[in-house]
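**Q** Got a sequence here, can you build the structure:
(2 chains)
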Amino acid sequence: MSYTRTFKQITKKDVLLAGGKGASLGEMTNAKIPVPPGFVFTSHAFDRFLEETDLKQDISAQLANVNYQDINSVDRYSNVIRDMIDKTAFPEDLAQEITSEFKKLKTPLVAVRSSATAEDSSTASWAGELETYLNTSEKELINNVKKCWSSLFTPRAIFYRHEKKMLKSHVSVAVVIQAMIQSEVSGITFTVHPVTQDKNQMIIEAGWGLGEAIVSGQVTPDSYVIDKRDWSIMDINIAKQEKMITKVGKATKTINVPKSKQEQQKLMGKKIIELAQLCGHIEKHYKFPCDIEWAEVGGKLYITQSRPITTL
Amino acid sequence: MSYKKYKWQVVAGDVNSPFFRNQIWVSAFFKYHQIFKVSRPLMATVAWDKDMKYLTDLKTWVDTYNQLKSKVEKNNDFIENIIDKTEKIGQEFNAWTYKNIWNKDLTKSTPKQLISILRSFCDKQSTLYAYGVALPILDFQDFSFVEKNLKKFLEKNTSKKDYHKYFEVFTSPLHKSFASEQEEGLLKLIDKSYSNKKLIRDLKKIDIHNLKIQYPVFYKQLQKHTQKYAWVYYAYAGPAFDESNYLEFVQNHLKDNLSPSKKLKNLKAKRDKTKQLKQKYLKELKPDIFNRKILLLAGKLVWGKPRRKDYQSKSYYHAEKFLREIGRRLHLSLNQVRSTPFDLIEKALLNKYNLDIHYLNEIYKFHICLPNDNGTITILTGQEAHDWYNKKVTKEKNTAGARKIKQLQGDSACPGKAKGTVKIVNMASNMSKMKHGDILVSQATTPQIVAAMKKASAIVTDEGGLTCHASIVSRELNIPCVIGTKIATQVLKDGDKVAVDATQGLVKKLI
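**A** Residues are numbered from 1 along each chain as shown, chains lettered A, B, ... in the order given. Just a heads-up that it's a prediction; the model follows:
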């Protein structure tokens, strides 16, 4: 049995296998949307790992002890569970399969992202609840995959599952391994104005460097409002950005934005419209307003993630 | 760059004046020789994203002023001719922008056609400025042809007690401004539904979204009204008024519980009475031909001078559609198109020239437009602009210590008394703090802040003149108003309590 699937082998129907994130990347790859190449280490791998190591029962037992009224209790059991996963050896055949797929990507560094699966995950976006490891080399790969697995049991994720009443349902995690884009500019697009909910308007947020700074709210991005009816730019708001996340040497670091660039507009008009039309295409494909993460390097645009906007 | 030869100083301020408008304004004065056969006054602009200042070289201003003044003295119809001329070309200009921009599918125009529209627009707009600005150039120091002669005549021929009565009648226009046409249109609209008690009661609190759902018929009427008058308060860069702005006007009208039909009657009665009184006073005062002209011209000037800006406002409103089309083609936001020099727009449309967006954003943030003797305009931005402005331009006197002043003297624009809390309102973004009964204090009011003026129990401004915006609007709205205090916005701060005696032109701080 194979535990990896390239994006091309995945569609949006494969949520249980590839998680929401993985399924979406597969769906977009097949729709010829420019997604950085990658593959998914499926949830079956995690399930097998739990089964053959008896971790499944141990974890269930630990989770049953959690007192959700008490943050310390959640923290404590999170530590216990993550420790258990950490100390259990990673199956050798799985490690070999991942490494072999990694080599096929022909890229020195990848982003390793958790992609949760659950029977009813259509109502739960898991947005930002699980962990991501940027700029991962072959050497760190297996360890980061394992960390993604155990991120299903961070205090936040345990809480999230409790809140969404998913404790009883089968929750698993797939891991997305994707060629790393060292983006010069990156950001988020909402294909429907999130405040006015105007369907004719799209909002693009853009910042220097890797997208994590914007997603996590560490920097205020530029915002561009697009009129989807004639693809014109209605408004451009430039935000001063002093810090950015980027690769320095081998590490992912937060550094100062060069002074001359701090107050500059991040994306040029033509690129804004190119991106807007690409995002419009994705929205059309899904037939639903989307929240899209994108990246730009060397004048080329990539879509790194997309999910339906669940709050509309 | 011959602009460097001149001595520049700040003469006035304005708000929300984009680069698009500033370069047209500066270019207007190149037409002075051709239009008036007088020398060109050196005029420039310094503009931030919201605020702006007008600069002049005072020597050239005085030269132009003296030449224009001698024309006025030789030909007493000179000022009236300017008003009539601006009225004519203003109407033609609006018809032109309506036909060539507003009523046209610009998405099908070729780049060459767009450039030709842009050139004609700028040429027509700057001609209107050339004519229009001649009037403020003539209002200089102690010389204001109409106002001074009117005051001189009335001081000589009427008692001190009655002076104000005569002054008010002769400076009241016989014709409606576009703003008062709008106002009456709105009153008629309310009047049509005034018997619907439930609607009128709900209107006081309703927002535009619910109005659309609950009272679609009234909403439709309001929408029609908005389409007709969206441009009235647009000035240079809008935003155009929408239904919710006019709903707020409706709500203002409903506050005093006076029926709209009564208000309409009052307005008409006031106009009729002005007309009658003008006739009556003319018979009584028996002015000679010259003074008769002055007495009649005063009201016409009050009506005609701001009307030039109305025509410009309407055409700027039409032009927004055109600027948006350019923005769509060049992938620029509206503010960026408004910050793009014309030659660059031409290059970009014709030759696929790549615009430097950072340069446009710099212009949006801060730019200076300076005229050169050869008819070109130098544009300064960024550090160079800041350095030039800081080192080479004479600013207003330092008014530190202004807060210690307890009383201000200005001119009466509309008589009456009021006490209240000061709110400084210079631009639309300041309006939200204004509550009913507050005293509105402004450098100079603009069409954009009329909604706030309507809430004021009195209005006080730094700048003045018989025909300034505050002066005209306060009289239309019958709100006590003191103009020309020069420093009210520096002496007063938000929250100060003041007593305004607009009849005497006095503003006193109460502590």
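**Q** Can you give me the neighbour number for A:Lys87?
**A** 7 (other CB atoms under 10 Å in any protein chain shown). Yep, even glycine has a C-beta here, placed from its N, CA and C like the rest.
**Q** For it, give its distance to chain B.
**A** According to CB to the nearest CB, to the nearest Å, A:Lys87 stands 54 Å off from chain B.
**Q** do you know how far the residue of chain A found nearest chain B is from B:Lys50?
**A** Chain B sits closest to A:Gly269 of chain A, with a gap of 2.9 Å, by CB to the nearest CB. Distance, A:Gly269 to B:Lys50, using CB to CB, to the nearest Å: 23 Å.
**Q** With B:Ala95 instead?
**A** Counting by CB to CB - B:Ala95 and B:Lys50 are separated by 32 Å.
**Q** before we move on, what about B:Lys278?
**A** For B:Lys278, the distance to B:Lys50 - CB to CB - is 41 Å.
**Q** Show me which of those two is the more surrounded one.
**A** The neighbour comparison of B:Lys278 against B:Lys50 (other CB under 10 Å) goes to B:Lys278, with 19 against 12.
**Q** which residues sit in contact with the nearest residue to that one once chain neighbours are set aside?
**A** Spatial nearest neighbour of B:Lys278, excluding adjacent residues (CB to CB, 6 or more residues apart in numbering or on different chains): B:Val169 at 6.0 Å. Applying CB atoms under 8 Å, 6 or more residues apart in numbering or on different chains to B:Val169 gives the contacts B:Thr274, B:Leu277, B:Lys278, B:Tyr281.
**Q** May I ask which helix or strand encompasses B:Val169?
**A** Using DSSP states H and E, B:Val169 maps to helix B:163-171.
**Q** before we move on, back to that, what about the contacts of B:Val169, which are in strands?
**A** With DSSP state E as the criterion, strands contain none of these.
**Q** is it possible to export those to a markdown table including pLDDT?
**A** Shown next, in a markdown table, are the contacts of B:Val169 (pLDDT from 0 to 100):
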| residue | pLDDT |
| --- | --- |
| B:Thr274 | 93 |
| B:Leu277 | 95 |
| B:Lys278 | 96 |
| B:Tyr281 | 96 |
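**Q** For the chain, just list every one of the strands.
**A** All of this is about chain A. So, for chain A - with DSSP E - the strands run A:4-6, A:38-41, A:110-118, A:132-136, A:171-179, A:185-190, A:201-208, A:222-227, A:232-237, A:243-248, A:251-256, A:290-297, A:300-308.
**Q** wrong one, chain B
**A** Counting by DSSP E, the strands of chain B are B:8-15, B:43-48, B:51-57, B:366-371, B:377-381, B:393-394, B:407-409, B:411-414, B:417-424, B:439-442, B:458-461, B:481-483, B:497-501, B:506-510.
**Q** Could you find the residue in chain B that comes nearest to chain A?
**A** B:His331 (2.9 Å).
**Q** show me what contacts that residue?
**A** By CB under 8 Å, 6+ apart, the neighbours of B:His331 are A:Ile233, A:Met268, A:Gly269, A:Lys270, A:Ile272, A:Ile273.
**Q** and what of B:Asn354?
**A** B:Ala348.
**Q** mind giving me the domain split of the chain?
**A** Since you didn't name a chain, this refers to chain A. A:4-179, A:185-308 (automatic domain parsing).
**Q** Please refer instead to chain B.
**A** Taking automatic domain parsing as the reference, chain B has its domains at B:2-141+B:311-394, B:402-510.
**Q** Low-confidence stretches in the chain?
**A** Looking at chain A here, since you left the chain open. Flagging of chain A using pLDDT under 70 yields the residue ranges A:1, A:118-129, A:166-169, A:310-312.
**Q** Correction: the question concerned chain B.
**A** Looking at chain B by pLDDT under 70, you get B:140-143, B:397-400.
**Q** So which bits of the stretch 101-250 of chain B are right by chain A?
**A** Counting by CB under 8 Å from any CB of the partner chain, the residues of the stretch 101-250 of chain B lying close to chain A are B:Thr107.
**Q** Over to the stretch 251-400 of chain B?
**A** Going by CB under 8 Å from any CB, the residues of the stretch 251-400 of chain B near chain A are B:324, B:327-328, B:330-336, B:355, B:357-358, B:361.
**Q** try it again with 6 Å
**A** B:Gly327, B:Arg328, B:His331, B:Leu332, B:Ser333, B:Ile357, B:His358, B:Asn361 (CB under 6 Å from any CB of the partner chain).
**Q** For residue 260, grab the count of nearby residues.
**A** I went with chain A, as the question did not name one. 8.
**Q** um, chain B though
**A** 21.
**Q** B:Val507 too?
**A** When counting by other CB under 10 Å, one arrives at 25 neighbours for B:Val507.
**Q** residues in contact with residue 41?
**A** Chain wasn't specified; assuming chain A. A:Phe41 is in contact with A:Thr4, A:Ile98, A:Val175, counting by CB atoms under 6 Å, 6 or more residues apart in numbering or on different chains.
**Q** my bad, the chain I had in mind was chain B
**A** Contacts of B:Pro41 by CB under 6 Å, 6+ apart are B:Phe29, B:Thr60, B:Trp61, B:Thr64.
**Q** residue contacts, A:Lys247?
**A** When contacts are counted by CB under 6 Å, 6+ apart, A:Lys247 touches A:Asn135, A:Gln182.
**Q** So which bits of chain A are right by chain B?
**A** So chain A meets chain B at A:Asp230, A:Ser232, A:Ile233, A:Asp235, A:Ile236, A:Gln264, A:Gln265, A:Met268, A:Gly269, A:Lys270, A:Ile273 (CB under 6 Å from any CB).
**Q** please redo it, this time with the cut-off set to 10 Å
**A** Contact residues (CB under 10 Å from any CB of the partner chain) of chain A with chain B: A:224-227, A:230-238, A:260-261, A:263-265, A:267-274, A:276.
**Q** Near the closest residue to B:Ile363 other than its chain neighbours, how many other residues are there?
**A** Nearest non-adjacent residue to B:Ile363, counting by CB to CB, 6+ apart: B:Ser339, 4.2 Å away. By the criterion of other CB under 10 Å, B:Ser339 has 24 neighbours.
**Q** ok, now which ones touch B:Ser339?
**A** B:18-20, B:47, B:49, B:332-333, B:357, B:359-365, B:367, B:381 (CB atoms under 10 Å, 6 or more residues apart in numbering or on different chains).
**Q** tell me the phi and psi of it?
**A** Backbone torsions for B:Ser339, taken as degrees, to the nearest 10, come to phi -110, psi 10.
**Q** any idea how far B:Ser27 is from it?
**A** As judged by CB to CB, B:Ser339 and B:Ser27 stand 16 Å apart.
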